[in-house]
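Q: A predicted structure for the sequence below; I have some questions about it.
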2 protein chains.
Amino acid sequence: MKPLKVALLGCGVVGSQVIRLMHEQAADLTARVGAPLELAGVAVRRLGRKRDVTVDPALLTTDAEALVARDDVDIVIEVIGGIEPARSLIVSALSSGKSVVTANKALLAEDGATLHEAARAGAGDLYFEASVAGAIPLLRPLRESLAGDHVTRVLGIVNGTTNYILDKMDSTGASFTDALEEAQTLGYAEADPTADVEGFDAAAKAAILAGLAFHSRVTAAEVHREGITDITATDVASAKAMGYVIKLLAICARSDDGRSIGVRVHPAMIPRSHPLAGVREAYNAVFVEAESAGQLMFYGKGAGGAPTASAVLGDLVAVARNRLAGTHGPAESTYAERVVHPMGETVTRCHVALDVADKPGVLARVAELFAKHDVSIQTVRQEGHGDDAQLVIVTHRATDAALTATMEGLRELDIVRAVASVMRVEGDD
Amino acid sequence: MKPLKVALLGCGVVGSQVIRLMHEQAADLTARVGAPLELAGVAVRRLGRKRDVTVDPALLTTDAEALVARDDVDIVIEVIGGIEPARSLIVSALSSGKSVVTANKALLAEDGATLHEAARAGAGDLYFEASVAGAIPLLRPLRESLAGDHVTRVLGIVNGTTNYILDKMDSTGASFTDALEEAQTLGYAEADPTADVEGFDAAAKAAILAGLAFHSRVTAAEVHREGITDITATDVASAKAMGYVIKLLAICARSDDGRSIGVRVHPAMIPRSHPLAGVREAYNAVFVEAESAGQLMFYGKGAGGAPTASAVLGDLVAVARNRLAGTHGPAESTYAERVVHPMGETVTRCHVALDVADKPGVLARVAELFAKHDVSIQTVRQEGHGDDAQLVIVTHRATDAALTATMEGLRELDIVRAVASVMRVEGDD
């Protein structure tokens, strides 16, 4: 049986695991694909570098372009990451009719359109299961298993670093800084944690998820994004006291009229009884609501060499089988053409803590302000007395614009000494 | 565009939802498939029966065989259930080159080989996502997403009725009988609950899961099966006190040498920190351990008309796309040819409560018996005194045969008044 030839771009944490698995599982992969998979070459930046896996030196090359252009290569696996040269290499591979497996969330979220267009033109496959939530089979279920259903909302914990930090803050009472430091010591957070803690990583994944779930095209730039650096130990404790836990969520939701979608990443309070609340440490999970299927959740490891390589190999088997059968898998589905609406139109709920003067009439004036902005109050309670008095308010659903205007109004009220915290509430409607 | 014609066998709870969704989502389905899907006929037992959905009377027929044999039918959806006539109808459809979508777990678990053989012979698709865990996309991830990985173990809550009963017992302290009665009142349990509470339903699903996860052929008859009718409120309370919860689990595990598999359904204690422990009410969840992916969990509704129909429609879109492309999806994968080993060879752990005489030397004699059978004790504690004295023992991992022999030996010891409860412990190794 003629082998299918695979070019690997990148030999870092994920790439070296891909090589290891292709080698160790060669017999199984042959049985599952129907033909052997043969590594045709591995593009790296430096030839002499020490690697986690033994690679035949003859396979290594620094000329990724030449490797991708080789006529005998059937499938290209891209695990370099970043925008360039990854984009040019993928487009070049797809344009010449090769199939591509990639884990590149940043590129897909920034310029997926170019990649999908190249896949269509070349009639090859573009698979990218590993780009969101690592090892968790998630994109295939969204693309295929739910193809006969309508997804209404996706709530995801898609960044392990921030989940680790927030889980530590919740379980130990640690500050954000201390929890981040521990995450860095354990290797869960980078020395420069910006991409994780400011929500950029989660926003890229939210864009990919929203596109698949709602059959539309969404880019990272369209995702409303807030990070977790302002979350205090007090916020976490206050949420805990109310039966909530704070998670950084990627939320993609269809508008009530079904015409547009909201896509956002921000910290939110969710009830402890919600399936996502039990997602501990650096685990990821994505909660999907669909019209017929109801509530679904997918849970597992969102990062790491071996888990990500597992997702890459699942895609590799699929695209290899497709090539043998002379076909290709589902192409990008954008027929619904839903637009992303501005954050202000998103409907959500808020938990607000206000430091207030402890005197008669305070609640009346605060309530009046909420009413003025058409924001209805679900619960209000006063904590403390005198100079420590705090009003804790949870609203009903309202547009984010109305909630934001209410918060601005509260900051200007003379009887409000400070808006101590504002946090959206999700997962209990 | 020429429509693909779909024959539906059965118009009960699931079938009527399939018709509703095919009608309501016709435009979306056309966009996703690339051609319209047209209902060619609906086979029912009685024409005049009142149904949950409006069906053109001209489509109804009592002659399922003739419907399946029609040359213009491309795809057959079977939601009748049971062994016959479902098997003959599916084999007839597949043999004539049609593709089949079925939710029939009993048939697949009893005689999947015949169906898969017919699919191979006719070069059509046999898809059955709805047969296990209803709406949860599970079989496709196992068949495809994890195709580059090695599954080592599957732990599943795959029967909603028993999970509802055990959850009620756990949360309210109810007896089995009371919890069953409540489940029956709410429609979660049948008037004759045998198939659920004795584990037959879960065993069929375990057989299907084990086959897919381990690339082997497994039938329901090979599944070791114990139900939940003997679980008492005391068992549940005792598990709770130790930080465990009792669940009916379907467990499929590869032996340590990788050559055989154990497939079993029985109640087991799992730690409350385990992701499966949080699965409440009638929800299902399947926890998968794979060499590279690590721990994964899939959660959602395991039954019901609309959730099951969602899974059927996902399969329908896939097989319809395959037909348009002139190809078919992954066929049954049995290349590993692993055999199911007897329950006695399964390695597990046990929680045992013994009513004993409260006098010196009791523990020594009990410990000696465990040692004689090569069963190592992890923890032991005495509860109560005098006539109420109870020894609670948790073992280390041992073969089920050794554990069973130990329990038999304990029953014969004069110092043991009674073996009050024996329960396997899973999910904390």
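A: That came through fine.

Q: alpha carbons only for contacts and neighbour counts from here, please
A: Fine.

Q: okay, which residue is most central for chain A?
A: residue A:205 (3.3 Å; Cα atoms, centre = their mean).

Q: Okay, and it sits in which element?
A: helix A:200-214 (DSSP states H and E).

Q: That helix close to chain B?
A: No: applying Cα under 8 Å from any Cα of the partner chain, one finds helix A:200-214 separated from chain B by no less than 11.2 Å.

Q: Mind giving me the packing neighbours of the helix or strand that comes right after that helix?
A: Per DSSP H and E, the first helix or strand lying C-terminal to helix A:200-214 is strand A:224-225. Contact here means 3 or more Cα pairs under 8 Å, 6 or more residues apart in numbering or on different chains; DSSP states H and E; on that basis strand A:224-225 packs against helix A:200-214, strand A:260-271.

Q: For the longest one, which helices and strands make contact with it?
A: Right, the one you point to is helix A:200-214. Using 3+ Cα pairs under 8 Å, 6+ apart: helix A:200-214 touches helix A:105-122, strand A:151-157, helix A:194-197, strand A:224-225, strand A:244-254, strand A:260-271.

Q: now for those, which one comes closest to residue B:308?
A: strand A:151-157 (15.2 Å; Cα to Cα).

Q: Provide the strand pairings for the closest one, with the direction of each partner.
A: Strand pairing for strand A:151-157, using DSSP bridges, gives strand A:244-254 (antiparallel), strand A:283-290 (antiparallel).

Q: need the helices for chain A, in chain order.
A: Taking DSSP state H as the criterion, chain A carries its helices at A:13-24, A:26-33, A:64-69, A:86-95, A:105-122, A:139-140, A:160-172, A:176-185, A:194-197, A:200-214, A:233-241, A:305-325, A:362-372, A:400-412.

Q: Single out the most deeply packed of those helices.
A: Compared across the helices of chain A, helix A:200-214 shows the largest average neighbour count, a mean of 27 (mean count of other Cα atoms under 10 Å in any protein chain shown).

Q: So what touches it?
A: A:105-106, A:108-110, A:131-132, A:139, A:142-143, A:151, A:154, A:158-159, A:194-196, A:216-220, A:222-225, A:250-254, A:261, A:263-265, A:332-334, A:336, A:338 (Cα atoms under 8 Å, 6 or more residues apart in numbering or on different chains).

Q: List the single closest residue to whatever residue of the stretch 301-429 of chain A ends up closest to chain B in space, sequence neighbours excluded.
A: The minimum distance from the stretch 301-429 of chain A to chain B, using Cα to the nearest Cα, falls at residue A:307 (4.0 Å). Excluding its sequence neighbours, the residue lying closest to residue A:307 (Cα to Cα, 6 or more residues apart in numbering or on different chains) is residue B:293, at 4.0 Å.

Q: What distance do you get for the one you found to residue B:336?
A: When distance is defined by Cα to Cα, to the nearest Å, residue B:293 is 20 Å away from residue B:336.

Q: which of these two has more neighbours?
A: residue B:293 (29 against 16; other Cα atoms under 10 Å in any protein chain shown).

Q: wouldn't the more buried one be in contact with residue A:303 here?
A: No: counting by Cα atoms under 8 Å, residue B:293 does not reach residue A:303; the two are 9.6 Å apart.
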